[in-house]
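Asks: Attaching a predicted model along with its sequence, questions to come.
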Amino acid sequence: MDYKKTSKDIYKALGEEKNILSVTHCMTRLRVKLKDVNSVDNEAIENIDGVMGLMNKGGQYQIILGNGVNKYYKEFVKLGNFETDSSNESTEKPTILNTLVDVITSCMSPLIPALIGGGMIKVLLIILPMINVLSKESQTFAILSFFGDTPFYFIPIMLAYTAAQKFKVTPMLAVTVAGIMLHPNFVALVAEGDALNVFGLPITLASYGSSVIPILIVVWLMSYIEKFFDKIIPTIIQSFAKPLLVIIVSGVLALVAIGPLGTFVGEGLSVIMIWLQDKAGWLALGVMSAFSPLIVMTGMHWAFAPIFLVASIKNPDMLILPAMLASNIAQGASFLAVSFKSRNKNTKQTALAASLSALIAGVTEPGLYGIALRFKKPLYASMLASGIMGVFAGFVHLESYSFAVPSFISLPQFIAESGNSNIINAIIVAVGSFALSFVFTLVYGFEEKGMSVVQKKSVESKNIGVSNDLKKVYSPITGELIALEKVNDPTFSEKIMGDGIAVIPQKGDILAPFSGTVSAVFPTNHAIGLTSDSGIELLIHIGINTVELNGEYFESFVQTGDTIKKGQKLINVETKKIQEAGYDITTPVIVTNTSDYIDVVVSNDSGNITNEDAILYTI
């Protein structure tokens, strides 16, 4: 995958730096704040290689790119200095709910890798003593324990930094106030239980380690405190007076009023969660499990992070993480069933990769956007399966004891310190979700180019002489065939643009490989797009990197929109001069709508051919 090119294409389609306020990313999405979201061509972005889907939610324009999003992000941020425009306001007017979701997701998303890392360390500390690799009494165990605890205990400091960026607060001042709330001396005073006060104001005896809500409220208020002191402090003393006053005022308010308020809110959420689990845990879990894919689609899944962190840091989580276990496994099984049953090579590969991502890493978005939403029925199958097993998880009171994205690999997060019933129930949920979803997907089937995989007979592989569904593509060039995998350009060799074949030209005439229309002629005439009367979309790309010749040595005889007949002359190419200029004249012939077909069959991947030879068949 060309991460640089895709990132540049997205950057341009979004309106470049003049329309981009800020950019961040989560596990699978590039999250962009725009000045004018209505000016963006959504269809153009969806057609960019690597883009799996779009979502505009909570004031964020979210581009789903899958597990490699961090690589796209690194290339994207090189293209502009987005901080310089961050003071500009977006023309979109989000609702209060959208604003709240935007704040939570923006602040929480950057923390997820650290929380997952810490959670997986905790999982290892469950597994290793069980298999006698590590003793709980060893120093290594003790040290790894605080490795795993650190991301959770210091959540307020990490959130202080991300929230400061969100609310335009000086980051280090926000981090300092979070440090005050976690300072060992303050923690010791709270533990003693004696009354505390500062400037005569009573301090609530509360612990802020691992808390989420208090620091978000504190930093939000700090945005107003900073602005206030900016206005009243003379410029000549602002460099030292402003940080002095901001730290004192914010720190006092954090300990006296705001922090306790946030703590009460957090405890309230925890009480609600416990009540919900006690009174209707089976129903809540079933609904949450079934609708988890739809929540992911909205981009709100990490907006739940403060809720389940509040509920699970001090108490086991009995709702969201168990629900995610049923949903993630069910979706992974559904994708695997699609891979097993599909007759389309690209679909099989995409579904298999998505299945592994969900089952092993717990990341479902590649399959959600690449498979489930595309075929619909696999989505319904996984929702039904996860809903059923979610109800079971609620009845048996399944609990998660550490934070990790649920998958087969992270099942040890459900191991209790005493007894095996909880992990056994977790395994039942995982296996049940997998089995039900896999079977449901096979039974429901899915549509590939109008043909139900369950209802129709399978096409005999490579039996190209008998099927009425075959559509031929003749060679546009006289020359030598080579396999697409041998082309010296990953865009073609990795079949990013679709399946096909390549030809090394022996003559300079490019002829129409079928009857149809010219869908696009590139300005440099080095490539042409065609659509056959039967619907095949074909790209003929003459040479590798020949766009750099700016049209020299190419002459086109057709224009976009022209109707063509098989064998009609399309382009003349001076192949010898192109080679003398140092360019590879290998010409890929690509079926760009490969996903519309059960298979694209190559007649042969070597040998000499003429314009009268069929080189590709679509089924």
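Replies: Yep, that arrived. Quick caveat: nothing in here was measured; it's all calculated off a predicted structure.

Asks: how far away is the residue nearest to A581 when sequence neighbours are not counted from Y583?
Replies: With sequence-adjacent residues excluded and distances taken as Cβ to Cβ, 6 or more residues apart in numbering, A581 is closest to L549, at 6.7 Å. Quick note: C-beta positions are derived from backbone N, CA and C, even for glycine. For L549, the distance to Y583 equals 7 Å [Cβ to Cβ, to the nearest Å].

Asks: Can you pull out the low-pLDDT segments for the stretch 451-600 of the chain?
Replies: For the stretch 451-600 of the chain, the stretches with pLDDT under 70 are 451-470, 598.

Asks: go with 80
Replies: For the stretch 451-600 of the chain, the stretches flagged by pLDDT under 80 are 451-471, 489-491, 494, 496-497, 595-599.

Asks: Which stretches in it count as helices?
Replies: In the stretch 451-600 of the chain, helices defined by DSSP state H, counting those that start in this stretch lie at 490-493, 575-580, listed in chain order.

Asks: How is this protein partitioned into domains?
Replies: As assigned by automatic domain parsing, the chain contains the domains 3-94, 112-280, 316-452, 471-618.

Asks: Nearest to S292, out of those?
Replies: With Cβ to Cβ as the measure, domain 316-452 is the member of these nearest S292 (3.6 Å).

Asks: Among the domains of the chain, which comes closest to M288?
Replies: Closest among those, once you apply Cβ to Cβ, is domain 316-452, at 3.8 Å.

Asks: Kindly state the distance between the middle of that closest one and the middle of its chain.
Replies: Centre-to-centre, domain 316-452 and its host chain are 17 Å apart (Cα atoms, centre = their mean, to the nearest Å).

Asks: repeat for stretch 245-256
Replies: Computed by Cα atoms, centre = their mean, the chain-centroid distance of stretch 245-256 equals 38 Å.

Asks: Residues in contact with that stretch: which ones?
Replies: Identification of contacts with stretch 245-256 by Cβ atoms under 8 Å, 6 or more residues apart in numbering yields 170, 173, 176-177, 180-181, 186, 198-199, 201-204, 214, 218, 221-222, 225-226, 229, 233.

Asks: Just the buried subset of those residues, please.
Replies: For the contacts of stretch 245-256, a burial check counting by 16 or more other Cβ atoms under 10 Å picks out 173, 176-177, 180-181, 186, 203, 214, 218, 221-222, 225-226, 229, 233.

Asks: export the helices of the stretch 451-600 of the chain to JSON lines and tack on distance to T592?
Replies: Shown next, in JSON lines, are the helices of the stretch 451-600 of the chain (distance: least, Cβ to Cβ, whole Å):
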{"stretch": "helix 490-493", "distance to T592": "11"}
{"stretch": "helix 575-580", "distance to T592": "23"}
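
Asks: Among the contacts of stretch 245-256, which lie within strands?
Replies: Among the contacts of stretch 245-256, DSSP state E puts V198, L201, P202, I203 in strands.

Asks: Widest-spaced pair of these?
Replies: V198 and P202 (8.7 Å).

Asks: that older thread, out of the domains of the chain, which gets nearest to V103?
Replies: Across these, V103 has its closest neighbour in domain 112-280 (6.2 Å, Cβ to Cβ).

Asks: quick revisit: and which of the buried ones among the contacts of stretch 245-256 is nearest to L125?
Replies: Nearest member of these to L125, counting by Cβ to Cβ, is M181, at 27.1 Å.

Asks: Checking the residue nearest to the closest one when sequence neighbours are not counted next. Helix, strand or coil?
Replies: Spatial nearest neighbour of M181, chain neighbours left out: Y208 (4.2 Å); criterion: Cβ to Cβ, 6+ apart. Here Y208 is coil, with the state taken from DSSP: H, G, I helix; E, B strand; the rest coil.

Asks: doesn't L182 make contact with Y208?
Replies: Yes. Counting by Cβ atoms under 8 Å, Y208 does reach L182; the two are 6.0 Å apart.

Asks: Common neighbours of those two, please.
Replies: Residues touching both Y208 and L182 (Cβ under 8 Å, 6+ apart): P156.

Asks: Which residue of these two possesses the greater neighbour count?
Replies: Shown here are Y208 and L182; by other Cβ atoms under 10 Å, Y208 has more neighbours (27 against 19).

Asks: What's the per-residue pLDDT of that one here?
Replies: Y208 carries a pLDDT value of 83.

Asks: go on, the one 4 residues further on?
Replies: Model confidence at V212, given as pLDDT, is 75.

Asks: give me the number of residues near it?
Replies: Other residues lying near V212 total 24 when counted by other Cβ under 10 Å.

Asks: burial count for the residue nearest to A581?
Replies: Per other Cβ under 10 Å, the neighbour tally for L549 reads 17.

Asks: Tell me if I'm right that it and H526 touch.
Replies: Yes. Between L549 and H526 there is a contact at 6.8 Å, judged by Cβ under 8 Å.

Asks: closest to L384 among the ones in strands among the contacts of stretch 245-256?
Replies: Distances from L384 to the ones in strands among the contacts of stretch 245-256, taken by Cβ to Cβ, are shortest for I203, at 51.9 Å.

Asks: Who is that closest one paired with across the strands?
Replies: Beta-bridge partners for I203, by DSSP bridges, are L196.

Asks: pretty sure it is touching N197, no?
Replies: Yes. Judged on Cβ under 8 Å, I203 makes contact with N197 at a distance of 6.0 Å.
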